[in-house]
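1. requesting a structural model of the entry that follows:
(chains A and B)
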Amino acid sequence: MATLLLATRKGVFVVARAAAGQWAVVEHHFQGDAVTRVVADGRDGAWYVALRHGHYGVKLQKSLDRGARWTEIPAPAFPKKPDQGPWANDETPWTVDQVWALAPGAAHEPGVLWAGCMPAAVFRSADSGASWQLCERFWLDERRKAWMGGGNDHPGMHSVCVDPHDSRQVTVAISCGGVWRTRDAGASWALIGNGFDAPYLPPEVARDPNTQDVHCISICAAQPDVIWAQHHFGVYRSVDGGINFTRRSAPMPGDFGFVIVADPINALRAWVVPAVSDANRYAIDGAMCVCRTDDGGKSWQQLRSGLPQRHAYHLVYRHGLALAPTTRSERVLAMASTTGGVWISEDAGDHWQTLDAALPPVAAVGWAA
Amino acid sequence: MPVVTFAPQLQRHVPCPPQQVSAGTLDAVLRAAFLAAPMLERYVLDEQGAVRKHVAVFVNNEMIAKRDDLSQPLADGDAVWVIQALSGG
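-> Residues are numbered from 1 along each chain as shown, chains lettered A, B, ... in the order given. Here you go, the predicted model:
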């Protein structure tokens, strides 16, 4: 059974399964430090941790022995901001404030890693994180001047999806900067993501793909033309690799949430964790609920068994729900909240068990084989 | 020679005992002190070369006024303190 990794405000917690239904915290790394992502690379077993030190900036740490030893590796960094030319007065700082997305490349390209950052930029490493290259044409695209920061000071790239069939094709999403895609391993980028609607914007720009607040995207590994999106308003699905998105039915009233997880094999299945609204970011009626669709988003099933149903004002962030790696029909899910609640389901969300711990706010969950 | 002293909290992440380095501008003094550990520079300066927003640099008893201006000359005997500005939760 896979090992659960939790990126929290106060370090990385490792959660292991001792027996059926029995999960427990077994290790705590980077105690006290804010962690924004933790990712295990299925190709070589390396663990990567993105830290966001309040004083000392963004750092990356790597372990080749499942956390026994850690080595600091370079973090993505911007080049020197020009003091002349069109970018001299860029209002967006040329300093990486957060690594929000970390994604290994495809199986046949060991060493390739992608990082999505705040401010919104994408970096590629070809040497397992020993160095990072900014995708310059993305960063220097004038269209980013129209982006907004959502709930943050600056726009950020939270989702990086590598096409498992064509690793040169990578789809990314930005809050608030829409969905973009490269087909040449980051050399050039196209704005895609048509079909979203942002009713909070002036009507004439509400459907502009460039300014959409797409909270999270998730790609179906077996059918990578299918990409799911949890938008600021509503759940969407694309069947053409993210070029066009179609709004699906609302999982719950309000149609708000952050995370969405695509099933790796069944292109009709996905999970979301609804919240009340953008103005009230907590579980509806104080009752935790995961919603799952098995028909492409036409209908949703509310999954509550084992989840707290009274006075549970949790919020699950963009990376707070994740499926364990599997090649079988088994679907193990972990979910964690900004108030430190952690739940695990070994049956695709039908039933949940609560991890016996009161953890710091959880930014992201990850799984190691 | 100026002496650069790093906050104990920073030494938790990177080993950086006090450094005695040649006199020069504050920028040159800091960069000489950063040679103590390969990752140290990025803990104190951002990638644009400015002192990080939540780091404070003192020369003797005075905090430097501008994060992105490290041009002031330092003399033998000057003391540089790199500390964390109080923030966070």
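2. residue of chain A closest to chain B, please.
-> Proximity of chain A to chain B (C-beta to the nearest C-beta) peaks at A:Gly54, 3.5 Å away. C-beta here means a position set from N, CA and C on the backbone, and glycine is covered the same way.
3. how about the helices in chain B?
-> For chain B, applying DSSP state H gives helices covering B:8-11, B:26-34, B:40-44.
4. same deal with the stretch 51-200 of chain A?
-> A:136-139 (DSSP state H, counting those that start in this stretch).
5. the stretch 51-200 of chain A against chain B: which residues are in contact?
-> Contact residues, the stretch 51-200 of chain A versus chain B (C-beta under 8 Å from any C-beta of the partner chain): A:53-57, A:59, A:72, A:75, A:77-81, A:93-96.
6. first to last residue in stretch A:251-265, what's the distance?
-> 21 Å (C-alpha to C-alpha, to the nearest Å).
7. same question but for stretch B:33-47, I mixed them up
-> Stretch B:33-47 end-to-end distance (C-alpha to C-alpha) = 17 Å.
8. just give me the neighbour total for A:Asp347.
-> 13 (other C-beta atoms under 10 Å in any protein chain shown).
9. find me the pLDDT at it, would you?
-> A:Asp347 carries a pLDDT score of 95 in this model.
10. what subset of the residues of the stretch 51-200 of chain A next to chain B is buried?
-> Buried subset of these (neighbour count, 16 or more other C-beta atoms under 10 Å in any protein chain shown): A:53-57, A:59, A:72, A:75, A:77-78, A:81, A:93-96.
11. setting aside sequence neighbours, what's the nearest residue to A:His29?
-> In this structure, A:His29 finds its nearest non-sequential neighbour in A:Val12, 4.4 Å apart by C-beta to C-beta, 6 or more residues apart in numbering or on different chains.
12. work out the gap between the host helix or strand of the one you found and the centre of the chain.
-> Here A:Val12, judged by DSSP states H and E, is contained in strand A:11-19. Mean-position distance between strand A:11-19 and its chain equals 20 Å (C-alpha atoms, centre = their mean, to the nearest Å).
13. with stretch A:239-250 instead?
-> Centre to centre, stretch against its chain (C-alpha atoms, centre = their mean), the figure for stretch A:239-250 is 18 Å.
14. got it, and stretch A:167-184?
-> With C-alpha atoms, centre = their mean, you get 13 Å for stretch A:167-184.
15. first to last residue in it, what's the distance?
-> Per C-alpha to C-alpha, stretch A:167-184 runs 9 Å from first to last residue.
16. A:Pro199 contacts A:Arg207, correct?
-> No - A:Pro199 is not in contact with A:Arg207 according to C-beta atoms under 8 Å; the separation is 9.8 Å.
17. ok, these two, which is more surrounded?
-> Neighbour count, other C-beta under 10 Å: between A:Pro199 and A:Arg207, A:Arg207 has more, with 15 against 10.
18. follow-up on the earlier one: could I get the strand holding A:Val12 in PDB with only the CA atoms?
-> Below are the C-alpha coordinates for strand A:11-19, written out as PDB (Å, rounded to 0.1, in the frame of the first residue of the first chain):
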ATOM      1  CA  GLY A  11       6.400  20.400   7.900                       C
ATOM      2  CA  VAL A  12       5.900  17.200   6.000                       C
ATOM      3  CA  PHE A  13       4.000  14.400   7.700                       C
ATOM      4  CA  VAL A  14       4.400  10.800   6.500                       C
ATOM      5  CA  VAL A  15       1.400   8.600   7.000                       C
ATOM      6  CA  ALA A  16       1.600   4.800   6.600                       C
ATOM      7  CA  ARG A  17      -0.900   2.000   6.600                       C
ATOM      8  CA  ALA A  18      -0.300  -0.500   9.300                       C
ATOM      9  CA  ALA A  19      -3.200  -2.800   8.500                       C
END
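19. still on that earlier bit, nearest to A:Val160, out of the helices of chain B?
-> Across the helices of chain B, A:Val160 has its closest neighbour in helix B:40-44 (22.7 Å, C-beta to C-beta).
20. pLDDT of that closest one, averaged?
-> Here the average pLDDT along helix B:40-44 is 96.
21. hang on, A:Arg143 packs against A:Leu191?
-> Yes - counting by C-beta under 8 Å, A:Leu191 is a contact partner of A:Arg143 at 6.6 Å.
22. any idea which residue sits dead centre in chain A?
-> The structure's chain A has its C-alpha centroid closest to A:His319; by C-alpha atoms, centre = their mean the separation is 4.2 Å.
23. can you list residues touching both of A:Arg143 and A:Leu191?
-> Shared contacts of A:Arg143 and A:Leu191 (C-beta atoms under 8 Å, 6 or more residues apart in numbering or on different chains): A:Asn210.
24. start to end distance for stretch A:70-88?
-> 38 Å.
25. cool, stretch A:307-325 as well?
-> End-to-end for stretch A:307-325, by C-alpha to C-alpha: 23 Å.
26. how many residues are close by A:Asp127?
-> A:Asp127, neighbours per other C-beta under 10 Å, totals 12.
27. can you give me the separation between the residue sitting furthest away from the middle of chain A and A:Ala357?
-> Farthest-out residue of chain A from its mean C-alpha position, per C-alpha atoms, centre = their mean: A:Gln84, at 35.2 Å. As for A:Gln84, its distance to A:Ala357 is 53 Å (criterion: C-beta to C-beta, to the nearest Å).
28. cool, thanks, talk later.
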